[in-house]
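A.B. asks: sequence? don't have it. structure:
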């Protein structure tokens, strides 16, 4: 794996500050009704995509996740301007403005969503891995899902098949402690979600996912195991979200004091501390990076504002793969 060098840490800091500012701006745009529908913010969990993409081969590995999906595609190389446009329903968005917040997608960067159905992406991630194995691509799929989705039955069916066929997939539960407003402590007889892998003799472990180094180390070992043909790994990435489940979440299930305690482990601040501790940059230089991130996010908003809405006629183009599907004739008549 690549070393955790000065360059890596400065890139992490630049990426993570931009991701945080991007999500904060999304919150602002939602309150202004520029973004409609659902909006799930990623604040606090940034070490996970930072660590995983450090360990991945971005020329061939792929990623799939749930509906909290603005930051993962950025880590994979998708243009944040196009993501902002998608969030606001503009034609220049990653799905032509027709996917919205929960359905960011990029075939070019092998980011396969963005899925609104809880746990729906788990079998799909294994399916992508099956294709990678079938076509001998030597690629690995990273399949993310939340702690709530870990209670879905499809996880067990998928784990069984993935182990049986030794599929090149890494399953990652982003355990941010709450499934919407339900604590992990209330959803099962145990709190160690990673132990679900034991029933399938799948290598499994928990990792401190507020630290991108620890995430990268666990990710690299799992990815290389999959690439060798030794099958999947199940990683429980223990993290914490600083915002509500979605913008409609008043957060009655936790206190402000609890959130404040977890902010002591802010991954962005941890990266900043290590940069300063190693003398890789000064406070002023890091502040300049932060200001650059804020300016870039404003450029994303400007790009979105100057983009058109999609042509209403386009709505039927993405429903059926078959051209001239009979439904369209009935609609016209």
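C.D. replies: Received the coordinates, thanks. Keep in mind the model is a prediction, meaning the values are calculated, not measured.
A.B. asks: residue nearest the centroid of this protein?
C.D. replies: residue 72 (3.6 Å; CA atoms, centre = their mean).
A.B. asks: what stretches of the protein score poorly on pLDDT?
C.D. replies: Along the chain, segments meeting pLDDT under 70 span 328-333.
A.B. asks: could you give the number of residues near the nearest residue to residue 112 once chain neighbours are set aside?
C.D. replies: Once flanking residues are discounted, residue 112 sits nearest to residue 64: 4.5 Å by CB to CB, 6 or more residues apart in numbering. Just so you know, the C-beta spots here come from the backbone N, C-alpha and C atoms, and that holds for glycine as well. Residue 64 has 28 neighbours, counted by other CB atoms under 10 Å.
A.B. asks: pull out the buried positions in whichever strand or helix holds residue 287.
C.D. replies: Using DSSP states H and E, residue 287 falls within helix 283-305. Residues of helix 283-305 classed as buried by neighbour count (16 or more other CB atoms under 10 Å): 286, 289-290, 293, 296-297, 300-301, 303-304.
A.B. asks: cool, stretch 184-200 as well?
C.D. replies: 184, 187, 193-194, 196-197, 200.
A.B. asks: quick check, residue 252 in contact with residue 181.
C.D. replies: Yes: if you go by CB atoms under 8 Å, residue 252 and residue 181 touch, sitting 7.1 Å apart.
A.B. asks: so these two - more neighbours on which side?
C.D. replies: Each of residue 252 and residue 181 has its neighbours counted (other CB under 10 Å); residue 181 has more, 14 against 8.
A.B. asks: which residues touch that one?
C.D. replies: Neighbouring residues of residue 181 by CB atoms under 8 Å, 6 or more residues apart in numbering: 245, 249, 251-253.
A.B. asks: in a markdown table: those, plus distance to residue 323.
C.D. replies: Shown next, in a markdown table, are the contacts of residue 181 (distance: CB to CB, whole Å):
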| residue | distance to residue 323 |
| --- | --- |
| 245 | 40 |
| 249 | 42 |
| 251 | 47 |
| 252 | 50 |
| 253 | 49 |
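A.B. asks: report the buried members of the residues you listed.
C.D. replies: By 16+ other CB under 10 Å, these give 245, 249 as buried.
A.B. asks: tell me the contacts of the residue nearest to residue 103 when sequence neighbours are not counted?
C.D. replies: With sequence-adjacent residues excluded and distances taken as CB to CB, 6+ apart, residue 103 is closest to residue 114, at 4.3 Å. Counting by CB under 8 Å, 6+ apart, residue 114 touches 65, 67, 69, 73, 99, 102-105.
A.B. asks: can you redo those residues as TSV with neighbour count and distance to residue 58?
C.D. replies: Formatted as TSV, the contacts of residue 114 follow (neighbours: other CB atoms under 10 Å; distance: CB to CB, whole Å):
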residue	neighbour count	distance to residue 58
65	26	16
67	23	23
69	26	17
73	27	12
99	20	22
102	21	23
103	17	22
104	26	17
105	20	17
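A.B. asks: which of those residues lies closest to residue 144?
C.D. replies: Nearest to residue 144 out of those is residue 65 (CB to CB; 3.9 Å).
A.B. asks: surely that closest one touches residue 119?
C.D. replies: No: with contact defined as CB under 8 Å, residue 65 and residue 119 do not form a contacting pair (11.6 Å).
A.B. asks: quick one: secondary structure of residue 231?
C.D. replies: coil (DSSP: H, G, I helix; E, B strand; the rest coil).
A.B. asks: tell me the contacts of the closest residue to it other than its chain neighbours?
C.D. replies: Nearest residue to residue 231 in three dimensions, chain neighbours excluded: residue 166, at 3.7 Å (CB to CB, 6+ apart). Going by CB under 8 Å, 6+ apart, residue 166 touches 133, 229-232.
A.B. asks: likewise residue 82?
C.D. replies: 92-94.
A.B. asks: and these, which are buried?
C.D. replies: The buried subset of the contacts of residue 82 (16+ other CB under 10 Å) comprises 92-94.
A.B. asks: want to throw these into JSON lines with distance to residue 217?
C.D. replies: Shown next, in JSON lines, are these (distance: CB to CB, whole Å):
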{"residue": "92", "distance to residue 217": "38"}
{"residue": "93", "distance to residue 217": "35"}
{"residue": "94", "distance to residue 217": "31"}
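A.B. asks: between the contacts of residue 181, which sits nearest residue 3?
C.D. replies: residue 245 (36.8 Å).
A.B. asks: separation between that closest one and residue 72?
C.D. replies: 17 Å (CB to CB, to the nearest Å).
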